[in-house]
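S.K.: Structure, please.
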Amino acid sequence: MLNYISYGKGKNIIFLHGWGGCTASFKGLADALSSEYRVTLVDLYGFGETPHPEFPLTLDDYAEGVARIFRKENIAEAVLVGHSFGGRVAVRFARKYPGCCLKLVLIDAAGLRPRFSLKKTLRVACHKLLKACGRKGLIGSADYAALTGAMKGTFLNIIRDYTDKDLRYISSGALILWGKRDKDTPPYMAKRFRKRIKGAVSIVFPDAGHYSYLDAFYETLFAIKAYIGADGR
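M.R.: Sure thing, here's the model as predicted:
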């Protein structure tokens, strides 16, 4: 079971942190919203107080973990707010459990297939060639290098599971919040989310990076409050 913290009263908002994050990642926003909403902060598998099992997980496993919170807390529907990796989980959840996702807020979300990059393609080809010759190959991402055990398998499962195919099945609409200076999930991805999710709207913060909800805290807070209450649901 995922570790989580819930407080406040009202419509449910569930926050899903990015890779390497924990319940503390969204605490500032959750505290600011808790006077009007019931907020839930989650530790996804392998982070915070939630242990990772001894076998690799998939993106579907993470979405199912969130669904278990709904069942345990008897939550019929909730607003999902996901940053980066948490956005990837939120998208898969919204696809698998459309009746439970009242609204979707994606903040610098990961999961879309990146644009073609000649540099990246050559790097991958070089890595495979070195491995085929019995050599170590090129160094991977810092996130992967820092992992041990089954988490390495989980990381590979996650980054190979693109969510582009999920977007046309999302019925809740979405608020897309992005940092214009985001280099981890570039702003062109925000445009793709907006175009492919029916009813989506987007806001790009000009002076924010990958953690746009921290760089533009009050703008993010006001945008989420306006979006959640826009149609009175």
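
S.K.: Just the pLDDT for the spatially closest residue to Leu106 that is not a sequence neighbour.
M.R.: Nearest residue to Leu106, sequence neighbours excluded (C-beta to C-beta, 6 or more residues apart in numbering): Gly87, at 4.5 Å. Yep, even glycine has a C-beta here, placed from its N, CA and C like the rest. Gly87 is assigned a pLDDT of 98 by the prediction.

S.K.: Which residues are in contact with Gly87?
M.R.: Listed by C-beta atoms under 8 Å, 6 or more residues apart in numbering, the contact partners of Gly87 are Leu16, Gly18, Leu106, Ile107, Asp108, Ala109, Ala110, Gly111.

S.K.: Looking at these, which is nearest Lys165?
M.R.: Gly111 (10.3 Å; C-beta to C-beta).

S.K.: Check the secondary structure at that closest one for me.
M.R.: coil (DSSP: H, G, I helix; E, B strand; the rest coil).

S.K.: Next, work out how far apart it and Leu147 are.
M.R.: 19 Å (C-beta to C-beta, to the nearest Å).

S.K.: out of these two, which sits in the busier spot?
M.R.: Taking neighbours as other C-beta atoms under 10 Å, Gly111 and Leu147 compare with Gly111 leading, 26 against 17.

S.K.: Looking at the contacts of Gly87, spot the one nearest Val91.
M.R.: Gly111 (5.8 Å).

S.K.: Hmm, Thr163 and the closest one touching each other?
M.R.: Yes - the pair Gly111 / Thr163 is scored as a contact, 3.8 Å apart, by C-beta atoms under 8 Å.

S.K.: Identify the contacts common to the two.
M.R.: Joint contacts of Gly111 and Thr163 (C-beta under 8 Å, 6+ apart) are Arg88, Val91.

S.K.: can I assume Ser25 sits in a helix?
M.R.: Yes - secondary structure of Ser25 (three-state DSSP): part of a helix.

S.K.: With Lys96 as the reference, measure out to it.
M.R.: 23 Å.

S.K.: more neighbours, these two?
M.R.: Ser25 (25 against 16).

S.K.: if I look at Cys101, how far off is Arg160?
M.R.: With C-beta to C-beta as the criterion, Cys101 and Arg160 are 24 Å apart.

S.K.: of the two, who's got more company?
M.R.: Neighbours were counted for Cys101 and for Arg160 using other C-beta under 10 Å; Cys101 has more, 25 against 9.

S.K.: Make sure the more buried one is actually in contact with Ala174.
M.R.: No - assessed by C-beta under 8 Å, Cys101 is found out of contact with Ala174, at 9.5 Å.

S.K.: shouldn't Ala190 be in contact with Gly179?
M.R.: No - between Ala190 and Gly179 there is no contact under C-beta under 8 Å: 9.1 Å.

S.K.: who touches both of those two?
M.R.: Val204.

S.K.: Now do the contacts for Ala109.
M.R.: Counted by C-beta under 8 Å, 6+ apart, Ala109 has contacts Gly82, His83, Ser84, Gly86, Gly87, Arg88, Ala90, Val91, Ile176, Thr185, Met189, Phe193.

S.K.: wait, which of those residues is closest to Asn12?
M.R.: Ala90 (13.6 Å).

S.K.: tell me which element that closest one is part of?
M.R.: Under the criterion of DSSP states H and E, Ala90 resides in helix 85-96.
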